[in-house]
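# Structure, please.
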Amino acid sequence: MTRLSMVLPGLEITPVGVKSAVLDSKIGNNVVIRLGSIVTGVEIPDNTLIPISSVITNQAQVANLPSAIESPSQNLNQGDLLNSQALTKAYNDAGVEK
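Sure thing, here's the model as predicted:
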C-alpha cells in the first residue's frame with residue numbers, strides 16, 4: 001500500500017500526512033506532520049515533528065513538540081516524499097486529468 005503525502009509549496013521536504021489538515025499556519029522547513037494531525041493558527045519552526053493524531057492550536061503546544069532530527073519519522077518523511085513524486089510522475093505520464 002502506498003502512503004501519500006502533500007508537499008507544501010516552497011518548503012523543503014515538508015510532507016503533510018494522510019488525513020491531516022494545516023490551516024492558517026506557517027510551517028517551517030523539514031517539518032514532519034504525521035497521519036491524522038490538525039495544525040491551525042500557529043507557527044511551526046524548522047525541524048519539528050508533529051506526532052500522529054496531534055491537534056495543534058496554540059504556540060504553547062508548539063513549544064512542547066519534539067524535534068524531527070534523528071527521529072524514525074525523519075526517514076519516513078523521505079519515503080513519503082519519494083512515493084508522492086513517483087505517483088505524480090506516473091499520473092502525468094499516463095495523461096490522467098487533474
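
# any idea of the mean pLDDT for whichever helix or strand N92 is part of?
N92 belongs to helix 72-94 when assigned by DSSP states H and E. Regarding helix 72-94, the rounded mean pLDDT is 72.

# do stretch 54-66 as well
The model assigns stretch 54-66 a mean pLDDT of 98.

# mind listing what the closest residue to T40 other than its chain neighbours touches?
Spatially, and ignoring its direct neighbours in sequence, T40 is nearest to L23 (4.3 Å; Cβ to Cβ, 6 or more residues apart in numbering). For every residue, glycine as well, the C-beta is placed using N, CA and C. For L23, the contact set (Cβ atoms under 8 Å, 6 or more residues apart in numbering) comprises 38-41.

# and L23, what are its phi and psi?
Reported as degrees, to the nearest 10, the phi and psi values for L23 are phi -130, psi 130.

# all helices of the protein, in order?
Listed in chain order, the helices of the chain (DSSP state H) span 59-63, 72-94.

# Out of these, the one nearest L49 is which?
The closest of the helices of the chain to L49 is helix 72-94. By Cβ to Cβ, the value is 5.6 Å.

# gap between the closest residue to S67 other than its chain neighbours and I69?
Spatial nearest neighbour of S67, excluding adjacent residues (Cβ to Cβ, 6+ apart): N47 at 5.7 Å. Distance, N47 to I69, using Cβ to Cβ, to the nearest Å: 5 Å.
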